[in-house]
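K.L.:
Curious how this folds, go ahead:
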Amino acid sequence: MFRRPTKPNPRVSSTLTENAAKQIAVVREGKNAIECANVLQRKRARVVGEVKSMRIVPRGDGHWFEVVIEDGTGKISGWFFGKKKIAGMQLGSVVLFEGLVQLDQGEMTIANPYYELL
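P.N.:
Predicted structure coming up:
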């Protein structure tokens, strides 16, 4: 459905510290969310994680804003079509994404997810 550009991915990401992963696990329980590693393709999911990378992805006449979150078990990308930024969202922020999960080139994504800055 949506294809990523074939250019090399400039994202730089790192793993969470053990302390950060524990904090996210506590928030995840309070928000009734699941681990990123447990999301299923073509199912709705609610996940909580730390923002690890953000970028604008140009595509044809448009673009989308991609935000990758990590929770210590895995990563998931949120695609926000037509946006160049989201107020308050920055690297290191803890956010909640909710929406329909899709598999795109081996990566789990949610297009235009509902989100909360936590």
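K.L.:
Near residue 43, how many other residues are there?
P.N.:
A count of neighbours around residue 43, defined by other C-beta atoms under 10 Å, yields 8. For every residue, glycine as well, the C-beta is placed using N, CA and C.
K.L.:
distance of it from residue 16?
P.N.:
Using C-beta to C-beta, to the nearest Å, residue 43 is found at 24 Å from residue 16.
K.L.:
quick one, what contacts the closest residue to residue 91 other than its chain neighbours?
P.N.:
Among residues not flanking residue 91 along the chain, residue 51 sits closest, at 5.5 Å (C-beta to C-beta, 6 or more residues apart in numbering). By C-beta atoms under 8 Å, 6 or more residues apart in numbering, the contact set of residue 51 is 67, 68, 69, 89, 90, 91, 92, 93, 94, 95.
K.L.:
Tell me which of the residues you listed fall in strands.
P.N.:
Among the contacts of residue 51, the ones falling in strands (DSSP state E) are 67, 68, 69, 94, 95.
K.L.:
Need those residues in a markdown table (columns: pLDDT).
P.N.:
Below are the ones in strands among the contacts of residue 51 laid out as a markdown table (pLDDT from 0 to 100):
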| residue | pLDDT |
| --- | --- |
| 67 | 97 |
| 68 | 97 |
| 69 | 97 |
| 94 | 94 |
| 95 | 96 |
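K.L.:
Show me the two of the residues you listed that sit farthest apart.
P.N.:
68 and 94 (13.5 Å; C-beta to C-beta).
K.L.:
Residue 55 sits in which helix or strand?
P.N.:
strand 44-59 (DSSP states H and E).
K.L.:
Okay, buried residues for that strand please.
P.N.:
Residues 45, 46, 47, 48, 49, 50, 51, 52, 53, 54, 57 are the ones in strand 44-59 that count as buried (16 or more other C-beta atoms under 10 Å).
K.L.:
contacting residues for the fourth one?
P.N.:
Meaning residue 48. When the contact criterion is C-beta under 8 Å, 6+ apart, the partners of residue 48 are 24, 27, 28, 31, 33, 69, 71, 94, 95, 96, 97, 118.
K.L.:
Filter those residues down to the buried ones.
P.N.:
24, 27, 28, 33, 69, 71, 94, 95, 96, 97.
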